[in-house]
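Undergrad: Make a model of this:
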Amino acid sequence: MANLGRIGASAVAAGLILASCSSGGGSKATGSSTTAASISSSSVATTIPVTPSALLLGGNDLAGYSTASQPGPTPIPCGSHFGDPSTSSAEAAVAFATAGTQQTVKETVALYPSTAAASMIAASFRTAGVSCAQFDDTNGPTTTYQVRTLTAPAVTADDVVAVSLASPAHFYDLVLLRSGARVAWLALSQIGNPVDPAVLNSVASAAAAHLAG
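TA: Numbers count the residues shown, from 1 in each chain. Down below sits the predicted model:
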């Protein structure tokens, strides 16, 4: 009989707990609602859009460089569209320079509606970027640039395309990086000497890491 009494008391207590949960919006305490809330919260967190500016290089990525105003137009080889984000859905740019602007780095990051669209941009530059041996840049005084093959930096990306431009006084390394539907164009320039390969690899590695992030 004592056991029956304890069972009855437990049943009454359980009934009181259920009653108190059902009053005043007790549905929030159910297991299924908690799971739904967690899923909803997780869904919101993963759909926050990525902005191009969040993928750009930062000052800590370039030792000896400081943020600068956008440098002059980059020579564009052989009718290619290097650095042209006009077909993208969003874009942002940043520039850096050493003291006296002897060396500069310019980066443009663009987001495309799909991986296929971004892949087409990379494929176009891979074909057009080396389609001529030299070209004339007519922004300001006409300057003739020689187009040279350039070993692509060994970075982690879906596409890496690079060419080098050389005039008697000014040198450029142009690198396109693609990660999924994101594209980054890097224009490294130096006056008097070709761009140091170690600098190119360092900048490209940092840019690829930001782009993938």
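Undergrad: Next, give phi and psi for Ala198.
TA: In terms of degrees, to the nearest 10, the main-chain angles of Ala198 are phi -70, psi -40.
Undergrad: Can you tell me how far it is from Ala204?
TA: 11 Å (Cβ to Cβ, to the nearest Å). C-beta here means a position set from N, CA and C on the backbone, and glycine is covered the same way.
Undergrad: Quick one: the helices in this structure, in order.
TA: Counting by DSSP state H, the chain has helices at residues 2-22, 31-46, 115-128, 197-212.
Undergrad: Report the mean confidence score over the longest one.
TA: Helix 2-22 carries an average pLDDT of 41.
Undergrad: and the nearest residue to Ala154 once chain neighbours are set aside, what is it in contact with?
TA: Spatial nearest neighbour of Ala154, chain neighbours left out: Asn201 (7.1 Å); criterion: Cβ to Cβ, 6 or more residues apart in numbering. By Cβ atoms under 8 Å, 6 or more residues apart in numbering, Asn201 lies in contact with 153-155.
Undergrad: quick check, nearest of these to Pro141?
TA: Pro153 (30.9 Å; Cβ to Cβ).
Undergrad: Please name the nearest non-neighbouring residue to the closest one.
TA: Ala204 (3.8 Å).
Undergrad: I'd guessed the one you found sits against Leu176; true?
TA: No - contact criterion Cβ atoms under 8 Å: Ala204 and Leu176 do not qualify, at 10.2 Å.
Undergrad: any residues in contact with both of these two?
TA: 160, 186.
Undergrad: Now which of the contacts of Asn201 would you call buried?
TA: Buried subset of those (neighbour count, 16 or more other Cβ atoms under 10 Å): 153, 155.
Undergrad: Tell me the one among the contacts of Asn201 nearest to Tyr145.
TA: Nearest to Tyr145 among the contacts of Asn201, with distances taken as Cβ to Cβ, is Pro153, at 20.5 Å.
Undergrad: Okay, and the beta partners of Val183?
TA: Going by DSSP bridges, Val183 is paired in beta bridges with Ala110, Arg178.
Undergrad: Count the neighbours of it for me.
TA: For Val183, the neighbour count with other Cβ atoms under 10 Å is 29.
Undergrad: what about it, distance to Ala209?
TA: On the measure of Cβ to Cβ, Val183 and Ala209 end up 15 Å apart.
Undergrad: Also Asp158?
TA: Taking Cβ to Cβ, one finds Asp158 at 14 Å from Ala209.
Undergrad: and if you look at Leu150?
TA: 20 Å.
Undergrad: The two: which has the busier surroundings?
TA: Leu150 (20 against 16).
Undergrad: From Val160, how far out is that one?
TA: Taking Cβ to Cβ, one finds Leu150 at 11 Å from Val160.
Undergrad: for Gln103, same thing?
TA: In terms of Cβ to Cβ, Gln103 sits 21 Å off from Val160.
Undergrad: which one of those two has more residues nearby?
TA: Ranked by neighbour count (other Cβ under 10 Å), Gln103 and Val160 place Gln103 first, with 22 against 18.
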